[in-house]
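Student: here you go, sequence then predicted model.
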Amino acid sequence: MRFGILGGVEIRSAEGESLPVGGPRQRALLAVLLLDAGRVVPVERLLDGLYGDQPPSGATAALQSQVSRLRRTLPDGLIEFHPTGYRIAVDRESVDVHQFERLAEDGARALAHGDPARAANALGQALALWRGPVVALGDAATARLDELKLAAVEDLFDAQLALGKHTAVIPELRAHIERHPLRERPRGQLMLALHAAGRPAEALAEFGNARRTLADELGADPSAELAGIHMAVLKGERQPNSTIPAQLTSFVGRATELDRIAELFTGTRLVTITGPGGAGKTRLAVEVAARQARETCFVDLAALTHGADIPQAVLTALGVRDAGLLTAAGRDPVKRVVAALEDRPILLIMDNCEHVVADAATLVHRLLNACPDTRILATSREALVITGEHLCPLPSLPDTAAMQLFADRAAAISPGFRVTGHNTDAVRRICVALDGIPLAIELAAARLRALELTEIAARLDDRFALLSRGERTAAPRHRTLRAAVEWSWDLLEPAEQLLAARLTVFTGGATLAAAERVCQVPGTADLLASLVEKSLVENSGGRYRMLDTIHAFCAEHLTEPLDAAHARYFHELAEDASPHLRRSEQLEWLDRLDADRGNIHAALRWAVANDTTLALRMFGAFALYWYLRGLRGLAAPLAVDLLARIGTHPPADLDEEYVLCVLQAAWGRLDAVEWQDHLKHAEEFMTTPRGAIRRPHSAFLWAAATGPPTGEPARPLLDDDLWAEAFTTLGTALLHFFDGEVDAGDAKLRRALAGFRQTGDRLGTVLALDGLAHVADSRGDGQEFVEVITEAMELVGQLGSIDDTVSLLCRRAENLAHAGELAAARADYEEAVSLARRNGTAENLALAYWGLGEVARFDGDLATARRMQELALGKCTSGPFGLHEYRARVLTALARLAELEGDVPAARQRYDEAIRAAIAGRSLPLVARAAAGLAGLALRDGDGWLAAVLLGAGVAIKGMPFSGDPEIAALIADVRALTGAGPFDDAFERGARMTQSEALDLVGARRQRDRQRLVRGR
């Protein structure tokens, strides 16, 4: 017998005849059993599949009845009873869903191994098993299968493109994109197909289509991957993987190792490439990544000096921020990495683990356990030594490959060079002397600019004769490489040696300007060019850096420390950047600082240990950069160390810098009791009149971390700073909103928006637009809402904030849901869930789940609604200020569900909890929404008078009428119908005339009779 789930539940005999299954309940039961064919399915899961989260009373007995009925339609003994559940005793290969998953995985594996023909065959068979949409399964299982199908379809497109079927696949890709317009992978595939088919203009036009669709639907720009394909089409090239370091030379040899790594990944998820420095570990890893069909992320650990920084390096490589501009700081970086990878099929390359091997091993072990779809390729001079690790040691290059490498690099130095009968012996002598080590061979080839081939061979013979008499304790290949580097060093001019040694103070490379300022070597520009020619320094995009092995050797020759000069230079760079980060050129300056992130961190680490005054100034200067880039927790450990050194009394005139340092520490350790003293002193600095604030962003960042202000600022901002004036106006607008003065707040928002637009600051503009979107939504002004939310989404896309894209997607979806456009709202929320999962942001995931729950409730699906809200509540853990608002939203939704389910006591309890959370978060609109919920309960009790007063009190709290919410409009109509128009108006007006404090006392009363007493007693 054959069983089907993919396209409806069906049973077919061995002859292919369709057999009866039974009614909907039997079909659902059979589907759940088949999904785990051959395994015992617990009763709880069967009940969930049949009835959702709220099975009726007597559900277990009903299940037994359904099992009995299903047994009558199947051969005897096929459904087995077990103490914990039931099992369907069939071969998994007789069920289409298991066949599909196996074939899809076979196809993906073949694609990864460079066999597109086998991949296309397997994927075609897998997709042929689908007869239609999945039915009779829960939402989670259906969503999983739908996503697997989409991945298989897009894998098949990749296989067809690899087979050269560019023209044939174009119509299928267009149809797929029409069905899934927000998926970027097929758009990139279509661009590649059009380009390969000789239609580059259409390929470029398709990028324009994608950009417009993403801007219109998400307010976001195309991903880096799609932009990379666009650039590749412009250049007539194939798109590289954007996370893999660009390679300037060809790849030679290592075919055996490539095949071995591909084979190892069929049975393990961790492979470590081991070998000495210069053996080509990184280059082999890059080549493995370039041949992967799955997403790849390359993490370079070489610049790290402390293993504790590894999680942040991974987050940076993944493009994951600590938090958005509109959201509070996120969780521990390790948890963020896990959250970003736990549902993501990805190859994570951890390069250069050896100097932080213990911490690297700890993180890798955690990821292997928590992220089942993640594969990890590590490179290290030693093994990680953890369970599941498979090693791929790199031997020396064989003679033929070594000579090919020499010839390839020599031809780049001396055009026309090739190995001939006249020079074969010399090339072989060089390669043998260098033990076939790729880096040593490349250094030798670089000498062809100044030396003849025979001279190189002779000098190497001399060098290695000396080598054989020393360093007996080192491994032979390590001695060989060191000798090769030392030989190249000895051939440098003294000025070149001086600059090479001083360049090692930089972490991750340096610009020419930085090298000139810090190294203080005359003629730096010409000397750098010479070092590049001799392969000791690489020049990429105007940045100069050394390979790790060469960096370590040159650092041994640094005779005077330059750390202080290095730290001073990057502090000055930050001070120069500060005003630009608040103006239209902020993106350019953000990119400049991004390029030196490693140097910034190294300079700050040195300053914390050696110059606390300079360190405080650096925290003040870099704070806004860290905030804009979503890196608020990046320097948290260093901030903690610095505070331990200086205590609660910073040097004179550095109070703002102290506050910003405290914020950095607090963002990393929000709940740590030991930081209360620091927070107390920071608050005193910010709220005690001490003259104008010197760093305008300190007031903004203080408010972002501690919550909205409760009164007029005690310390004025600089009067002549336009950005500061706009920020002050924005803060005043917030004060008006929290006092319920909506019209005054709206006017201030528009003034602030004009100021931020004049400065060109995207951050301030987004904050003002976000406020205006909230006002427009509350007033029911759909046109203005769409205008401001669209502009805000475009700006956060420019700033690269996925968290804020999620936040704004949810805001737009909420507006759509209230307008009755449930399908569009659900699509936005589902996209938000996907982005939030990818970015590992708990609070945004809570917001998206909340939205999906609300859409399900509006659609009448209470079981799904409750499941989504429970998921959301689980994400609202203790933490930043903003989580109070998320929790209040979810609790209000759970209260409404309890009310609809007839559980009034539970509903009342949830509304009370929601009000307390909303007050703690100072979110008056959510307090008002919960007040409306209490009014609904009063209506159920027949107390129309109290219901009307509570509705009026909600207006008094939020400062504006309930507009744009159809549920509250219906509630108002129901209360009016119960009381009559006149009594309703009187009671409503009574609540609306209350002061905000009186209204909060009313809705915040712990018991219903207390509310009744407060109302009746007035």
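Tutor: Nice, thanks for sending it over.

Student: what's the mean pLDDT across the host helix or strand of Thr142?
Tutor: Assessed by DSSP states H and E, Thr142 sits inside helix 139-162. Taken as a whole, helix 139-162 has a mean pLDDT of 87.

Student: list the helices and strands that helix packs on?
Tutor: Applying 3 or more C-beta pairs under 8 Å, 6 or more residues apart in numbering; DSSP states H and E, one finds that helix 139-162 makes contact with helix 96-112, helix 116-128, helix 166-179, helix 184-196. For every residue, glycine as well, the C-beta is placed using N, CA and C.

Student: out of these, deepest packed?
Tutor: The highest mean neighbour count among the helices and strands packed on helix 139-162, using mean count of other C-beta atoms under 10 Å, belongs to helix 184-196: a mean of 23.

Student: before we move on, back to that, show me how far the helix holding Thr142 is from its chain's centre.
Tutor: In terms of C-alpha atoms, centre = their mean, to the nearest Å, the gap separating the centre of helix 139-162 from the centre of its chain is 22 Å.

Student: looking at the helices and strands packed on helix 139-162, which is nearest to Thr549?
Tutor: Distance to Thr549, taken as C-beta to C-beta, is lowest for helix 96-112 among the helices and strands packed on helix 139-162, at 30.5 Å.

Student: contacting residues around the closest one?
Tutor: Residues from elsewhere that reach helix 96-112 (C-beta atoms under 8 Å, 6 or more residues apart in numbering): 2-6, 34-35, 37, 92-93, 116, 118-123, 125-127, 129-130, 145, 148-149, 151-152, 155-156, 158-159, 162, 262, 265-266, 291-294.

Student: show me which of the residues you listed are buried.
Tutor: Buried by 16 or more other C-beta atoms under 10 Å: 2-6, 34-35, 37, 92, 116, 118-123, 125-127, 129-130, 145, 148-149, 151-152, 155-156, 158-159, 162, 262, 265, 292-294, out of the contacts of helix 96-112.

Student: what's the burial count for Thr73?
Tutor: Neighbours of Thr73 under the rule other C-beta atoms under 10 Å: 14.

Student: give me phi/psi at the residue nearest to it when sequence neighbours are not counted?
Tutor: Using C-beta to C-beta, 6 or more residues apart in numbering and skipping the chain neighbours, the partner closest in space to Thr73 is Gly22 (5.4 Å). Dihedral pair for Gly22: phi 120, psi -160, per degrees, to the nearest 10.

Student: and for Arg695?
Tutor: Taking degrees, to the nearest 10, you get phi -110, psi 100 for the backbone angles of Arg695.

Student: neighbours around it, how many?
Tutor: Other residues lying near Arg695 total 20 when counted by other C-beta under 10 Å.

Student: excluding chain neighbours, what is closest to it?
Tutor: Residue nearest to Arg695 in three dimensions, not counting chain neighbours: Glu656, with 5.1 Å by C-beta to C-beta, 6+ apart.

Student: for the one you found, give me the pLDDT.
Tutor: 84.

Student: ok, which stretches of the stretch 801-950 of the chain are helices?
Tutor: For the stretch 801-950 of the chain, the helices defined by DSSP state H, counting those that start in this stretch cover 802-818, 822-839, 842-858, 862-875, 883-900, 904-920, 924-940, 944-958.

Student: what of the stretch 601-750 of the chain?
Tutor: For the stretch 601-750 of the chain, helices defined by DSSP H, counting those that start in this stretch occupy the ranges 612-628, 636-646, 655-668, 676-687, 696-706, 722-738, 742-759.

Student: quick one: the last one to helix 924-940, angle?
Tutor: Here helix 742-759 runs at an angle of 150 degrees relative to helix 924-940 (axes from the mean of the first three to the mean of the last three C-alpha atoms, to 10 degrees).

Student: what helices or strands is helix 742-759 leaning on?
Tutor: helix 722-738, helix 762-779.

Student: quick one: the last one to chain centroid distance?
Tutor: This means helix 762-779. Chain-centre distance of helix 762-779: 24 Å, with C-alpha atoms, centre = their mean.

Student: could you check the angle it makes with helix 802-818?
Tutor: For helix 762-779 against helix 802-818, the angle by the same axes, to 10 degrees is 20 degrees.

Student: mind exporting helix 762-779 as PDB, just the C-alpha atoms?
Tutor: The C-alpha trace of helix 762-779 is given here as PDB (Å, rounded to 0.1, in the frame of the first residue of the first chain):
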ATOM      1  CA  ARG A 762      18.200  59.100   9.200                       C
ATOM      2  CA  LEU A 763      18.000  58.000  12.900                       C
ATOM      3  CA  GLY A 764      16.100  61.100  14.100                       C
ATOM      4  CA  THR A 765      13.900  61.000  11.000                       C
ATOM      5  CA  VAL A 766      12.900  57.400  11.600                       C
ATOM      6  CA  LEU A 767      12.100  58.200  15.200                       C
ATOM      7  CA  ALA A 768       9.900  61.100  14.300                       C
ATOM      8  CA  LEU A 769       8.200  59.200  11.400                       C
ATOM      9  CA  ASP A 770       7.600  56.200  13.800                       C
ATOM     10  CA  GLY A 771       5.800  58.600  16.200                       C
ATOM     11  CA  LEU A 772       3.700  60.100  13.400                       C
ATOM     12  CA  ALA A 773       2.800  56.600  12.100                       C
ATOM     13  CA  HIS A 774       1.400  55.800  15.600                       C
ATOM     14  CA  VAL A 775      -0.600  59.000  15.700                       C
ATOM     15  CA  ALA A 776      -2.000  58.500  12.100                       C
ATOM     16  CA  ASP A 777      -2.900  54.900  13.000                       C
ATOM     17  CA  SER A 778      -4.700  55.900  16.200                       C
ATOM     18  CA  ARG A 779      -6.600  58.600  14.300                       C
END
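
Student: quick check: what element follows that helix along the chain?
Tutor: Sequence order places helix 782-799 as the next helix or strand after helix 762-779, per DSSP H and E.

Student: list the helices and strands that next one packs on?
Tutor: Using 3+ C-beta pairs under 8 Å, 6+ apart as the contact test, the elements touching helix 782-799 are helix 200-218, helix 586-595, helix 762-779, helix 802-818.

Student: pLDDT averaged over that helix - what is it?
Tutor: Mean pLDDT, computed over helix 782-799, is 81.

Student: contacts for it?
Tutor: Outside helix 782-799, the residues within contact range by C-beta under 8 Å, 6+ apart are 215-216, 218-221, 324-326, 587, 590, 628, 762-763, 765-766, 769-770, 772-773, 776-777, 804-805, 808-809, 811-812, 815, 819.

Student: identify each buried residue in it, please.
Tutor: Applying 16+ other C-beta under 10 Å to helix 782-799 flags Phe785, Val788, Ile789, Thr790, Glu791, Ala792, Met793, Glu794, Leu795, Val796, Gly797, Leu799 as buried.

Student: columns distance to Ser923 on top of the residues you listed, output as JSON lines?
Tutor: Below are the buried residues of helix 782-799 laid out as JSON lines (distance: C-beta to C-beta, whole Å):
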{"residue": "Phe785", "distance to Ser923": "19"}
{"residue": "Val788", "distance to Ser923": "20"}
{"residue": "Ile789", "distance to Ser923": "19"}
{"residue": "Thr790", "distance to Ser923": "24"}
{"residue": "Glu791", "distance to Ser923": "24"}
{"residue": "Ala792", "distance to Ser923": "19"}
{"residue": "Met793", "distance to Ser923": "22"}
{"residue": "Glu794", "distance to Ser923": "26"}
{"residue": "Leu795", "distance to Ser923": "24"}
{"residue": "Val796", "distance to Ser923": "21"}
{"residue": "Gly797", "distance to Ser923": "26"}
{"residue": "Leu799", "distance to Ser923": "25"}
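
Student: which of those residues sits closest to Gly228?
Tutor: The closest of the buried residues of helix 782-799, once distances to Gly228 are taken by C-beta to C-beta, is Gly797, at 16.7 Å.

Student: follow-up on the earlier one: of the helices and strands packed on helix 139-162, give the one that comes closest to Phe553.
Tutor: Closest to Phe553 of the helices and strands packed on helix 139-162 is helix 96-112 (C-beta to C-beta; 37.2 Å).
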